[in-house]
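>>> Give me a 3D structure for the following:
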Amino acid sequence: MKNSRLPAVAGLFYPADSDVLADSVAQQLNHVSPSPSYIPKALIVPHAGYIYSGDIAASAYHTLLPLRNSITRVVLIGPSHRVGFHGLALSSADYFTTPLGDIRIDQAAQATLASIDGVFVIDEAHAAEHSLEVQLPFLQSVLDDFTIIPIVAGDANPELVAKVIETLWGGDETLIVISSDLSHYHDYHSAQQLDNATSQAIVAHDVQAIHSYNACGYVGIRGLLHFTHTHSLTTSIIDLRNSGDTAGSKDSVVGYGAYLFEEVA
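Okay, here's the model as predicted:
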């Protein structure tokens, strides 16, 4: 019997029907304006419902289209919204399933991570978590044949996350995706100010400026920024908006940013 982690938020955060989902993602990707030619090695992307943050996520995933056949492994790191724990959580599943099909987990990579102190198999952390799941239909739409290493971040320091990233960094075949929204439930203009400051901190690779009130996925972001201190990467802001710009009131908004990291030749 296939051991698969089944969708938890299909029909809630994104369409559950495969055809409707494929069309929805395709439309959001098609809405992306032409951008400079990037060679992404890592992305930070939001994880709200597609009606709210899908366009912002699409702006980052659109940059992967020229690399459709070269990226064959994606490391996903997202925050835990429902389960509290220390460290980083792997899944015991062999596949993650979405309405668009199954995605195989790189078991050899997971076995390597399991030897790192602070990395554990915690299926409960993955069962209802949306921060990784909502990334998958976009990846299935812009890449061909690829595997994933899904990691839910609990209470973990930047050094541990950076060590995991270092272990799985690989070459052109590997992409790192950090899942995070930005500020939560401020008025529109306050959120813009906060999210602009967070964006500048990300571009400056300022680990100390990123906290839980900046971004719910701050553990993953801090780990990636810590990694950049010993590896030459340049960072670009691809998109920066909030729910007041997409599908919500401006009285209380959630911020969404898309950021791209490239290796310096």
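>>> The helix of greatest length in the chain: what's the following helix or strand?
For the chain, the helix with the greatest residue count under DSSP state H is helix 188-203. Counting by DSSP states H and E, the element after helix 188-203 in chain order, helix or strand, is helix 218-228.
>>> what angle do that following helix and helix 188-203 make?
Inter-element angle recorded for helix 218-228 and helix 188-203: 30 degrees (by axes from the mean of the first three to the mean of the last three Cα atoms, to 10 degrees).
>>> Against which helices or strands is helix 218-228 packed?
Applying 3 or more Cβ pairs under 8 Å, 6 or more residues apart in numbering; DSSP states H and E, we find helix 218-228 packed against strand 42-45, strand 73-79, strand 147-153, helix 158-168, strand 174-179. Heads up, the C-betas are built off the backbone N, CA and C, glycines and all.
>>> Which of those sits closest to Gly257?
Each of those has some distance to Gly257 by Cβ to Cβ; the shortest is strand 42-45, at 6.7 Å.
>>> Which is the succeeding secondary structure element to the closest one?
helix 50-61.
>>> what helices or strands is that next one leaning on?
helix 18-30, strand 42-45, helix 136-142, strand 233-242, helix 243-246, strand 253-263.
>>> Using PDB, write out every CA atom in the longest helix of the chain.
Output of helix 188-203 as PDB, limited to C-alpha atoms (Å, rounded to 0.1, in the frame of the first residue of the first chain):
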ATOM      1  CA  TYR A 188      -2.800  48.500   5.400                       C
ATOM      2  CA  HIS A 189      -0.300  51.300   5.700                       C
ATOM      3  CA  SER A 190       1.300  49.900   8.900                       C
ATOM      4  CA  ALA A 191       1.700  46.600   7.200                       C
ATOM      5  CA  GLN A 192       3.300  48.200   4.200                       C
ATOM      6  CA  GLN A 193       5.900  49.900   6.400                       C
ATOM      7  CA  LEU A 194       6.600  46.700   8.400                       C
ATOM      8  CA  ASP A 195       6.800  44.500   5.300                       C
ATOM      9  CA  ASN A 196       9.100  47.000   3.500                       C
ATOM     10  CA  ALA A 197      11.500  46.900   6.500                       C
ATOM     11  CA  THR A 198      11.400  43.100   6.500                       C
ATOM     12  CA  SER A 199      12.100  43.000   2.800                       C
ATOM     13  CA  GLN A 200      15.100  45.300   3.200                       C
ATOM     14  CA  ALA A 201      16.400  43.000   6.000                       C
ATOM     15  CA  ILE A 202      16.000  40.000   3.800                       C
ATOM     16  CA  VAL A 203      17.900  41.700   1.000                       C
END
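>>> what's the offset of it from the middle of its chain?
18 Å (Cα atoms, centre = their mean, to the nearest Å).
>>> Contact partners for the nearest residue to Thr98 once chain neighbours are set aside?
Closest residue to Thr98 apart from its sequence neighbours, by Cβ to Cβ, 6 or more residues apart in numbering: Leu136 at 4.8 Å. By Cβ atoms under 8 Å, 6 or more residues apart in numbering, the contact set of Leu136 is 96, 98, 100, 103, 148.
>>> Among these, which are located in strands?
Judged by DSSP state E, these include 96, 98, 103, 148 as members of strands.
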